[in-house]
Structure formats: C-alpha cells, structure tokens
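[1] When you get a sec, could you give me coordinates for this:
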Amino acid sequence: MSKNLPRSLQEAYRGWDPADCVARFGGWLDRSRRADGGDYDHTVTVNDYYDLCSEFMQFGWSESLHFAPLTRGETLEESIARHQRTMIELLELRDGMQVVDVGCGVGGPMRQVIRASSATVVGINNNERQLEMARRRNVEAGLDHMAEYVKCNFMDMSAIEADSFDAGYAIESTCHAPDKERVFAEIFRVLKPGAPFWGQEMCMTESFDPDNARHRAIKDELMLGVALPQIATFREVDDALKAAGFHIVEAADRDIGDRGGTPWYRPMEGQDGILRNAFRRLPLGRKAMIAGLQLAEAFRVFPKGSSSVVKMMDRTADAFVAGGRNGIFTPLYCFLARKPG
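    Residues are numbered from 1 along each chain as shown. Have a look, this model is predicted:
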C-alpha cells in the first residue's frame, strides 16, 4: 500500500466513523424509493460516496476517476491519458480559452487539459474535500494559475453568469444528476453560443432487458454502489441533450472491447498483458487489501472501518464486471454536442 494512504485516510475520515457512514450509504437506494419521498437529498448521498471512496479510488485506479477505452500495449493510466487527449482534440481546446470542467473530481482531467492546451479551466464540484484536493495538486504541479474553482451543485450553477465558457466537459459526473435534462440545461446556459460540450455517461446498453431479473439486479447494484439515481439509456441521454437545446455532433459507446481491443472492465476482472501493476484492482488483490486493512486497523495504522469501505467498493467492482460481461452496461457513452450559435 502507498505509504501516504494511511495519512490521507486519517485526514479524510477525521471526526467520523467510516463503517457507520458505509452502513448509512448502503440504505440510500431504499430511502430514495420510498413512496412519500421523505426529505431524501441525493446530493448528500453523492457527497458521502466521494468522501468515503475518493482516497481508495485514487490508490486503486488513478487521479482521473473515470473509465477509458483500453488498448493493448498501454497501461490503464496511458489509456486514460489517450482518452483525455481525444476529448481535448474534439473540443479543439487551445490557449486563451475558458473551459468549464463540470464535476471536476480531484482534477486529473483538468491538469491534462491545462498541460495539453494551455486553456484556463474552471472546476465545478459540490464536494469540498475533492475540490481542495484538486487545488492542492494543481499547486504541486505548478498549474494553479491556470485553474479556478467553484463549489456548487451542478444542478444550479446560478453563481456563474450565462455565456461564460468557450467549451465544457463532464466526465462521469452528470450520471449522478437526478434530472439529466436540468443539468444539461445548466451547462447549456453557462456555455457561449457555438461552444462545444463533451460528455461521458454511464448507460444501460440496448441489450438491457428490464424484464430480466438478473439484468435488474445488476442495474440496482450499480446504482447503489456508485450513487446513481438512475442509469439512462443512450437514447435518454440524447433526448435530454436535445431538450436542453444542444445539437449532437456525434455520440457513441467508445468501448473497443468488441472490436479486438480490451474490454473496459478488464482491470477489475483479471490480469492482462496491457495492465501492468494492476494486482490491487483485481478480485484477489481487493480481497488481500481488505485483509491487510483489517489487520492495520487493529494496530491503528488505518482508521477503524476503512476495510468496510473497500468491501463496498469490491462489491461494486463485481457489479461493473457483471454489467460489462453481460453487455448491458457501459461507462463509455461519449458525446460531442454544441450550443447553437
């Protein structure tokens, strides 16, 4: 394990019990589905998810918390960087542009965009800890002067003036939106006329059968484990973009696993020649990490309850693999849209 992970988790979990938070998080889907609705707020659920998982996600995946099309001969990190370069090229980002990163996470894509294009990036995030991590790492990378940060819910970006940005992107962030049309409308509002918008969505594929009990169970596991209020189909994403006012330039599932490449879920499934240093992502590696954390908790090296977070993430990884293997789910529905100008 990274020698910095214990310290990072101590900071992340200071003042609260991660095991209790995992237990509370585990009931969010049932609470949200109650007939009366209650006072359920999905923003709280998403913040709980990232407060619990951000440190482990970076340790086990990368500082870019998203999937990418995998190509033989590349590490996962190299595939992610190539995928981001594709986005940068499609958006035609360049020096002098003002770009909005909707749901910026800890800033991995933001730093890639700044380095590759010299554009200024404004990161939007409702999670205070992630936003602070993004700021700190930008400072360490010497890129903070090219970045700005706005803490707000992307469902309401009224703190930002209309027609502010030359381009925008949202990578696996708007899948957390309880109302996809509304979040796209907010993004539409803050973009300048003619500005391009690139997005990456988690979607159910055309192979998903809502009458198939196994398919429904996998979908529920994914919704529960990734804090997704719903998982849209390709058509539902397209319809929401159009309803918000966007013109869709292109949209497709960018997974190349069915075209001779490596399936997007392979890093969580089994060892592959392209996925070097991947043991911690594999089922056996995840189980070993849980056992190691339980021992480390006993000696107070890691915060008590840390292993329960990895158990939850291990279950979600199994759901990702099941969704991919069955061909009913993809995290790589990518689109390029444009605000008419």
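[2] Can I take it that I114 is in a strand?
    No - assessed with DSSP: H, G, I helix; E, B strand; the rest coil, I114 is helix; it does not lie in a strand.
[3] right, and it touches L143 too?
    Yes - under the contact definition of Cβ atoms under 8 Å, I114 touches L143, with a separation of 5.0 Å. To be clear about C-beta, it is placed using only N, CA and C from the backbone, and glycine gets the same treatment.
[4] Which of the two has more residues huddled nearby?
    I114 (23 against 17; other Cβ atoms under 10 Å).
[5] Quickly find the element holding the closest residue to F279 other than its chain neighbours.
    By the measure of Cβ to Cβ, 6 or more residues apart in numbering, the closest residue to F279 outside its immediate chain neighbours is G285, 4.2 Å from it. Secondary-structure assignment from DSSP states H and E places G285 in helix 283-298.
[6] just to revisit the earlier point, touching, the residue nearest to F279 and M268? I think so.
    No - G285 is beyond contact range of M268, at 9.8 Å (criterion: Cβ under 8 Å).
[7] ok, those two, which is more surrounded?
    Neighbours were tallied for G285 and for M268 using other Cβ under 10 Å; the higher tally belongs to M268 (25 against 16).
[8] Pop out the phi and psi values for the more buried one.
    M268 adopts backbone torsions of phi -100, psi 0, taken as degrees, to the nearest 10.
[9] And the residue nearest to it when sequence neighbours are not counted, what's its pLDDT?
    Beyond its immediate neighbours in the sequence, the residue positioned closest to M268 (Cβ to Cβ, 6+ apart) is A317, lying 4.4 Å away. Model confidence at A317, given as pLDDT, is 96.
[10] Name the helix or strand for A317, please.
    Mapping A317 onto the secondary structure by DSSP H and E places it in helix 306-325.
[11] Report the buried residues of that helix.
    By 16 or more other Cβ atoms under 10 Å, the buried positions in helix 306-325 come out as 306-314, 316-324.
[12] Likewise for stretch 65-75?
    Judged by neighbour count (16+ other Cβ under 10 Å), stretch 65-75 contains these buried residues: L65, H66, F67, A68, P69, L70, E74, T75.
[13] which phi and psi does the second one have?
    Dihedral angles of H66 (phi, psi; degrees, to the nearest 10) stand at phi -150, psi 170.
[14] likewise the fifth one?
    When read as degrees, to the nearest 10, the backbone of P69 gives phi -60, psi 130.
[15] where exactly do the strands run in this protein?
    Chain-ordered strands for the chain, with DSSP state E as the definition, fall at 98-102, 120-125, 147-151, 167-171, 196-204, 232-233, 247-253, 329-338.
[16] Between those, which one is closest to A23.
    strand 196-204 (24.6 Å; Cβ to Cβ).
[17] relative to strand 329-338, how tilted is the closest one?
    Comparing the axes of strand 196-204 and strand 329-338 via axes from the mean of the first three to the mean of the last three Cα atoms, to 10 degrees yields an angle of 160 degrees.
[18] What is strand 196-204 packed up against?
    Other elements packing on strand 196-204 under the criterion 3 or more Cβ pairs under 8 Å, 6 or more residues apart in numbering; DSSP states H and E are helix 76-91, strand 167-171, helix 213-226, strand 232-233, helix 234-244, strand 329-338.
[19] Format those as a markdown table; extra columns: distance to L9.
    Shown next, in a markdown table, are the helices and strands packed on strand 196-204 (distance: least, Cβ to Cβ, whole Å):
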| stretch | distance to L9 |
| --- | --- |
| helix 76-91 | 22 |
| strand 167-171 | 25 |
| helix 213-226 | 19 |
| strand 232-233 | 33 |
| helix 234-244 | 35 |
| strand 329-338 | 25 |
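[20] Can you give me the first-to-last residue distance of stretch 157-175?
    With Cα to Cα, to the nearest Å applied, stretch 157-175 spans 17 Å between its terminal residues.
[21] Report the buried residues of it.
    Going by neighbour count (16+ other Cβ under 10 Å), the buried part of stretch 157-175 is 157, 164-175.
[22] Then stretch 245-252?
    Along stretch 245-252, the positions that meet the burial threshold by neighbour count (16+ other Cβ under 10 Å) are F246, A251.
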